[in-house]
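J.: Return a 3D structure for these sequence lines:
(chains A, B, C and D)
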Number of protein chains: 2
Amino acid sequence: MDRELLLLGILREQEMHGYELHEFIDKNLASCTDMKKSTAYYLLKKMEEAGLISQETRQEGNRPPRQVYHLTPAGEAEFQRLLRENLAHYRTAYFTGDIGLVFLDQLDPAEARSLLLKRRAELADELAVAESIPGHPSSLQLVFDHLVYHLRAELAWTDSIIQRLNGSDA
Amino acid sequence: MDRELLLLGILREQEMHGYELHEFIDKNLASCTDMKKSTAYYLLKKMEEAGLISQETRQEGNRPPRQVYHLTPAGEAEFQRLLRENLAHYRTAYFTGDIGLVFLDQLDPAEARSLLLKRRAELADELAVAESIPGHPSSLQLVFDHLVYHLRAELAWTDSIIQRLNGSDA
DNA sequence: ATTCAAATAGTCAATTTTGACTATATTATG
DNA sequence: CATAATATAGTCAAAATTGACTATTTGAAT
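T.: Numbers count the residues shown, from 1 in each chain, chains lettered A, B, ... in the order given. Alright, predicted model coming up:
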């Protein structure tokens, strides 16, 4: 339901067509969800059938016609409901990367260490990117702040694992 | 692929049947993945068809017969590959809870605050549960440590948002 | 000994999600 | 100007995921 909330919330502030919608989420909200383009279209069609949004074919210049979506009153009500539902509950994030850690002792410490150093480098890169995003005046700022806060914690934690491996290596 | 890695890795250490496998993941590795029972069965069947695991019907007492799975050499090779792949890369966790935060300013600060306090309570409960798990001697310890570390960070961050709302409320 | 609840072990249809593909428009490059 | 690359806007069949359901066994309570 969270993805519906996201689509409804964005459309509520500004009518958009499917491509633009996915583009926006992919650029700005990648830390919240990894919704693919085709999923966005699927959800839009589903919500349109449910009467939450209505589409309007719009022609601009000699571009091919695009479907522009906007909220219906029912969609507005659903947005309000989903927003409160989301805010009132804590949903844990899943750490797929921990699955590998479960079997870390199956590798010799030297190889484990070198693999995790590669992981650490990717993480550090992501953090650098996140930190370089200039302050956003919008409500997206919270999301960016959270991302940076989280990535810093992850980096420290990853370093602590690598540290342990250094020990068992000596 | 991470779920395959998880199933292969567990089966590698101890042969199991589908129900037991899902049970184990659900109890111990809920912070890594939220795989449903039917998904586990689907993946087991798929991996069996791919020759990564083989099943054996086993009868115990007068219970109905159960399918017990164990790794094939191809499965062992795939495990090794997936393990290195997983360890060498950083996969971000997704914060579905942040979707609500994007639209936080659509509510009046008092209501937003009360909703987030409910969320905070759930988070604090989860943290308490995670902290109460006694030290595990196995390789699962890393996962539990990570979970506690992460939940503490999340709690602090959630408190910081609530704090901001207190300010704008006064 | 009987009934009730919980644990065990799955199956299957329906839903959700995705990757691969199509097609046009705009911009850049030589 | 031709053409190559990229951005725009989607569609669709295949794959993954799930919720709801069935059915037996074990343990507990009466």
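J.: mind saving the C-alpha coords of stretch A:122-141 as CSV?
T.: Output in CSV follows, covering the C-alpha atoms of stretch A:122-141 (Å, rounded to 0.1, in the frame of the first residue of the first chain):
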residue,chain,number,x,y,z
GLU,A,122,30.4,0.9,-2.6
LEU,A,123,28.8,2.1,0.6
ALA,A,124,31.2,4.9,1.0
ASP,A,125,30.4,6.0,-2.6
GLU,A,126,26.7,6.0,-1.9
LEU,A,127,27.3,8.1,1.2
ALA,A,128,29.4,10.5,-0.7
VAL,A,129,26.7,11.0,-3.3
ALA,A,130,24.0,11.4,-0.6
GLU,A,131,26.1,13.9,1.3
SER,A,132,26.7,15.9,-1.9
ILE,A,133,23.0,16.5,-2.5
PRO,A,134,22.4,20.1,-1.7
GLY,A,135,19.8,21.0,0.9
HIS,A,136,16.3,20.7,-0.5
PRO,A,137,13.8,23.1,0.7
SER,A,138,10.9,20.7,0.3
SER,A,139,9.6,17.9,2.5
LEU,A,140,12.0,15.6,0.8
GLN,A,141,14.7,17.0,3.1
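J.: Contacts for it, please.
T.: Residues outside stretch A:122-141 that contact it (Cβ atoms under 8 Å, 6 or more residues apart in numbering or on different chains): A:28-29, A:144, A:147-148, A:151-152, A:154-155, A:158, B:89-90, B:92, B:101-105. All C-beta atoms are positioned from the backbone trio N, CA, C, and that covers glycine.
J.: ok, of those residues, which come out buried?
T.: Applying 16 or more other Cβ atoms under 10 Å in any protein chain shown to those, the neighbour count classes A:28-29, A:144, A:147-148, A:151, A:154-155, A:158, B:90, B:92, B:101-104 as buried.
J.: Quick one, grab the pLDDT at residue A:62.
T.: With respect to pLDDT, residue A:62 has a value of 63.
J.: Report the contact partners of the nearest residue to residue A:31 once chain neighbours are set aside.
T.: Nearest residue to residue A:31 in three dimensions, chain neighbours excluded: residue A:147, at 4.5 Å (Cβ to Cβ, 6 or more residues apart in numbering or on different chains). Residues counted as contacts of residue A:147 (Cβ under 8 Å, 6+ apart) are A:31, A:130, B:95.
J.: which SS class is residue A:147?
T.: Under DSSP: H, G, I helix; E, B strand; the rest coil, the three-state class of residue A:147 is helix.
J.: Check it and give its pLDDT.
T.: On the pLDDT scale, residue A:147 gets 96.
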